[in-house]
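Colleague: structure of the sequence below:
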Amino acid sequence: MSSSSRFLARFFSSSSTSTQTLTLTPPPQFNLSTITDLANLRQWPKLRSHLHSLLSNPQTLPLSVPSFFHSLSSSFLPRSSQSIVADILILSLLSASDTAAAVDAFFRSGHYRYKLSTFSLNPLLSSLIKTHHLNLAQSVFNQMLTSRKIAPNSITFNTMINGLCKSGKLTKAEDMIKDMKAWGVSPNVVTYNTLIDGYCKRGKMYRADGLVKEMVGFGILPNSVTFNVLIDGYCKDGNLKGGLKFFEEMKRQGVEPSVNLGEKRKMDEANGLLNEMLEKGLVPNNVTYDIIKDGMVEKGFVPDIDGHLSNSAS
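Modeller: All right, here's what the predicted structure looks like:
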């Protein structure tokens with residue numbers, strides 16, 4: 001063999017090897033047989049993990065929700081198992097941050113009369129509200145309760161109340177309490193905290209106070225979140241006495257505070273509160289002083305609060 005022939009042989013041999021090395025594997029795709037096999041064995045955690053890994057992989061071929069449901073409805077799985085698969089699919093789509101496809105799956109599942117659950121629908125409502133799609137969340141919620149007859153729980157209602165409060169629809173949010181009771185769901189401390197926070201953020205402290213009395217009347221005790229929201233609301237409203245009143249009540253009930261009245265964004269209010277108390281001859285206790293002092297020091301001031309405390313005690 002001539003030298004040129006040997007060169008060409010080596011060239012094509014190396015080219016062939018390179019071609020084999022660069023052979024691309026097909027991208028992962030949804031295999032319904034794998035899904036139905038796992039569902040048939042009722043291996044729900046494995047099915048959820050399988051769908052999540054597929055949807056989270058950017059190389060996976062895009063899922064066609066209509067095709068998926070058409071194939072699922074034609075499978076050998078009983079309707080109850082198909083419903084669970086649809087439930088898990090919606091949750092997996094949300095985990096992959098594909099809220100649009102999850103909404104599509106919700107509405108299409110109704111065409112196949114799949115019975116979904118709050119397992120997937122509560123996260124769907126939450127995702128819609130976080131992405132500022134309250135109207136769409138209300139459509140999903142209304143269909144849940146009417147044509148789909150999916151029993152809501154406290155998380156369902158609290159999620160919707162949160163969305164309504166964030167959108168300033170406080171009356172509608174408060175009306176949800178009546179709907180909760182009609183469904184046999186009891187409002188809880190989260191329900192009232194959400195409503196109270198909504199009113200506080202809009203400076204409607206009189207209504208926030210009314211809700212506190214209402215929740216206590218129903219035997220629901222305020223927690224640290226309740227007090228912190230009220231203290232924050234009163235400070236922002238310029239009613240520092242009101243904030244201090246709830247702070248003292250918080251301590252009286254043995255609830256640990258997590259709101260710092262002297263944090264940076266409340267420094268002016270905290271300093272004003274201290275001056276006002278001292279001018280009126282009021283003697284705040286050590287805890288109140290410590291809260292204000294710590295915040296002011298963090299801000300860069302070094303107040304003579306200890307001196308004030310000593311003078312007041314003398």
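Colleague: who's in contact with the most centrally placed residue in the chain?
Modeller: When C-alpha atoms, centre = their mean is applied to the chain, the residue found nearest the centroid is S126 (5.7 Å). Residues near S126 by C-beta atoms under 8 Å, 6 or more residues apart in numbering: T159. (C-beta placed from N, C-alpha, C; glycine too.)
Colleague: secondary structure element for it, which one?
Modeller: S126 is part of helix 118-130, with elements assigned from DSSP states H and E.
Colleague: now that helix: buried residues?
Modeller: T118, S120, L121, N122, P123, L124, L125, S126, S127, L128, I129 (16 or more other C-beta atoms under 10 Å).
Colleague: closest to S71 out of those residues?
Modeller: For the buried residues of helix 118-130, the closest approach to S71 (C-beta to C-beta) belongs to S120, at 19.4 Å.
Colleague: show me the contacts for that closest one.
Modeller: Taking C-beta under 8 Å, 6+ apart, we find S120 in contact with D87, I88, I90, L91, L94, A102.
Colleague: okay, the residues you listed in JSON lines with pLDDT next?
Modeller: Listed next are the contacts of S120 as JSON lines, based on pLDDT from 0 to 100:
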{"residue": "D87", "pLDDT": "95"}
{"residue": "I88", "pLDDT": "94"}
{"residue": "I90", "pLDDT": "95"}
{"residue": "L91", "pLDDT": "93"}
{"residue": "L94", "pLDDT": "94"}
{"residue": "A102", "pLDDT": "95"}
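Colleague: can you read off the pLDDT for the residue nearest to the centre of the chain?
Modeller: S126 carries a pLDDT value of 95.
Colleague: go on, the one 5 residues further on?
Modeller: Predicted confidence (pLDDT) for T131: 94.
Colleague: how close does it get to A102?
Modeller: Relative to A102, T131 is positioned 11 Å away (C-beta to C-beta, to the nearest Å).
Colleague: neighbour count for the two, which is higher?
Modeller: Using other C-beta atoms under 10 Å as the criterion, T131 and A102 rank with A102 on top: 25 against 13.
Colleague: is it true that the more buried one touches S95?
Modeller: No. In this structure, A102 is not within contact of S95 by C-beta atoms under 8 Å, at 9.4 Å.
Colleague: circling back: next step: the contacts of S120 restricted to helices.
Modeller: Here DSSP state H is the test, and the contacts of S120 give D87, I88, I90, L91, L94, A102 as lying in helices.
Colleague: export those residues to CSV and tack on distance to F141?
Modeller: Listed next are the ones in helices among the contacts of S120 as CSV, based on distance: C-beta to C-beta, whole Å:
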residue, distance to F141
D87, 17
I88, 21
I90, 15
L91, 17
L94, 16
A102, 15
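Colleague: out of those residues, which is nearest to V225?
Modeller: Comparing these against V225 with C-beta to C-beta places L94 closest, at 25.8 Å.
Colleague: show the contacting residues for that closest one.
Modeller: A102, S120, P123, L124, S127.
Colleague: from L32, how far out is V212?
Modeller: 54 Å.
Colleague: more crowded one of the two?
Modeller: Ranked by neighbour count (other C-beta under 10 Å), V212 and L32 place V212 first, with 20 against 14.
Colleague: my guess is that one meets I196, correct?
Modeller: Yes. At 6.7 Å, V212 counts as touching I196 under the criterion of C-beta under 8 Å.
Colleague: any residues in contact with both of these two?
Modeller: Residues touching both V212 and I196 (C-beta under 8 Å, 6+ apart) are T226, L230.
Colleague: ok, for S109, nearest residue in space, not its chain neighbours?
Modeller: A86 (4.6 Å; C-beta to C-beta, 6 or more residues apart in numbering).
Colleague: check contacts around that neighbour.
Modeller: F69, L72, A105, S109, Y112, Y114, L116.
Colleague: which pLDDT value goes with it?
Modeller: 95.
Colleague: try P284
Modeller: According to the model, P284 scores 48 on pLDDT.
Colleague: please apply the same query to I161.
Modeller: Note on I161: pLDDT of 96.
Colleague: please apply the same query to S53.
Modeller: Listed pLDDT for S53 reads 87.
Colleague: what's the helix or strand for it?
Modeller: helix 44-56.
Colleague: which strands and helices sit next to whichever helix or strand comes after that helix?
Modeller: Downstream of helix 44-56, the first helix or strand assigned by DSSP H and E is helix 65-73. Helices and strands touching helix 65-73, by 3 or more C-beta pairs under 8 Å, 6 or more residues apart in numbering; DSSP states H and E, are helix 32-40, helix 79-95, helix 99-111.
Colleague: tell me the angle the second one makes with helix 99-111.
Modeller: Right, the one you point to is helix 79-95. Helix 79-95 runs at 170 degrees relative to helix 99-111, counting by axes from the mean of the first three to the mean of the last three C-alpha atoms, to 10 degrees.
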